[in-house]
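Peer 1: Let me see the structure of the following:
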Amino acid sequence: MNDIAEKPKHLKNPRRAFIKKNGKRIMRAVANIQSSSSKVPDTPKIDNSHFDFLDAFVDNWKEIEAEAREVLKFREQIPGFQEISPDQYRLAKGNNWKTFVLFGFGQRLEKNTVLTPKTAEILEKVPNLQTAMFSILAPGYHIPAHTGVTKGILRSHLGLIIPKDYEKCRIRVDDTITPWRPGEIFVFDDTYEHEVWNDTDEERVILLFDFDRPMGFRGRFLNKALMAAMKKTAFYQDPKKNLEDAEARLEAAIRQNDKNMEAMSDPS
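Peer 2: Presented below is the predicted three-dimensional model:
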């Protein structure tokens with residue numbers, strides 16, 4: 001496999017590159033304010049005891065897993081991460097990392113969540129939820145080391161469909177390595193360098209969701225202003241349009257599946 005990913009042509013736009021470069025500078029500049037305003041530890045991983053809403057995911061993980069398996073029945077309509085967010089072309093190649101998005105930028109995707117009502121119900125109780133998806137990693141795939149955009153957001157992973165040899169399916173956040181386990185959940189700050197390995201011959205499926213870091217007024221104000229500005233850029237508009245297209249494809253696939261089932265059950 002060629003490890004050098006070619007940048008898509010539309011990402012080479014000088015204006016886009018300028019916004020991305022300076023946006024990163026702004027995010028780094030405000031990171032210290034967000035850290036000092038944080039109401040939870042500013043560490044790579046953050047203990048679950050700081051987030052009482054996580055219990056609902058652990059208590060209901062089997063139902064969430066069952067809904068993930070329903071989603072996988074429409075595997076061919078599930079896009080690669082880079083198809084939704086083109087800026088991730090270095091991390092996601094081909095069909096090795098698929099994402100089935102349930103919430104994007106705080107908005108519920110109604111067509112996708114037809115298949116995941118219980119999962120969506122639980123996610124809606126997460127304070128200031130930003131994004132949620134089933135993250136589907138192919139056997140043998142490695143997501144290279146990278147960092148997230150803002151300290152104003154924290155990320156959680158819930159293990160669902162995990163390879164039997166789970167120790168070989170793991171994430172490194174800073175210098176801490178954590179294997180996923182079915183029904184276990186953890187929270188981390190993705191502005192710390194992190195990378196993922198699935199060194200098994202089985203698929204890995206987790207529920208991944210992002211939510212606002214609990215912060216004081218200054219941190220919350222900055223985070224809200226930055227998110228509002230980001231939503232005006234191509235980094236928001238491109239994924240939003242791509243999500244709409246992916247939802248439409250899934251809706252068409254579900255309708256076709258329902259027609260097929262009706263035809264099979266029709267005695268005439």
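
Peer 1: Now do the strands in this structure.
Peer 2: Per DSSP state E, the chain carries strands over the ranges 45-46, 97-104, 107-108, 129-137, 142-146, 153-161, 169-173, 176-179, 185-188, 194-198, 204-212.

Peer 1: Redo those strands as JSON lines? Include mean pLDDT and mean neighbour count.
Peer 2: Heads up, the C-betas are built off the backbone N, CA and C, glycines and all. Converted to JSON lines, the strands of the chain look like this (pLDDT from 0 to 100; neighbours: other Cβ atoms under 10 Å):
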{"stretch": "strand 45-46", "mean pLDDT": "98", "mean neighbour count": "18"}
{"stretch": "strand 97-104", "mean pLDDT": "94", "mean neighbour count": "23"}
{"stretch": "strand 107-108", "mean pLDDT": "92", "mean neighbour count": "14"}
{"stretch": "strand 129-137", "mean pLDDT": "97", "mean neighbour count": "22"}
{"stretch": "strand 142-146", "mean pLDDT": "95", "mean neighbour count": "14"}
{"stretch": "strand 153-161", "mean pLDDT": "97", "mean neighbour count": "22"}
{"stretch": "strand 169-173", "mean pLDDT": "98", "mean neighbour count": "19"}
{"stretch": "strand 176-179", "mean pLDDT": "97", "mean neighbour count": "14"}
{"stretch": "strand 185-188", "mean pLDDT": "98", "mean neighbour count": "20"}
{"stretch": "strand 194-198", "mean pLDDT": "98", "mean neighbour count": "20"}
{"stretch": "strand 204-212", "mean pLDDT": "98", "mean neighbour count": "22"}
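
Peer 1: want to try JSON lines for those, with distance to residue 66 as columns?
Peer 2: Output for those, formatted as JSON lines (distance: least, Cβ to Cβ, whole Å):
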{"stretch": "strand 45-46", "distance to residue 66": "28"}
{"stretch": "strand 97-104", "distance to residue 66": "14"}
{"stretch": "strand 107-108", "distance to residue 66": "20"}
{"stretch": "strand 129-137", "distance to residue 66": "12"}
{"stretch": "strand 142-146", "distance to residue 66": "26"}
{"stretch": "strand 153-161", "distance to residue 66": "9"}
{"stretch": "strand 169-173", "distance to residue 66": "21"}
{"stretch": "strand 176-179", "distance to residue 66": "23"}
{"stretch": "strand 185-188", "distance to residue 66": "17"}
{"stretch": "strand 194-198", "distance to residue 66": "22"}
{"stretch": "strand 204-212", "distance to residue 66": "12"}
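
Peer 1: show me where pLDDT drops low in this structure?
Peer 2: 1-27, 89, 234-237, 257-268 (pLDDT under 70).

Peer 1: Assess the claim that residue 178 and residue 159 are in contact.
Peer 2: No - between residue 178 and residue 159 there is no contact under Cβ atoms under 8 Å: 10.0 Å.

Peer 1: so how far is stretch 74-89 off the chain centroid?
Peer 2: Mean-position distance between stretch 74-89 and its chain equals 11 Å (Cα atoms, centre = their mean, to the nearest Å).
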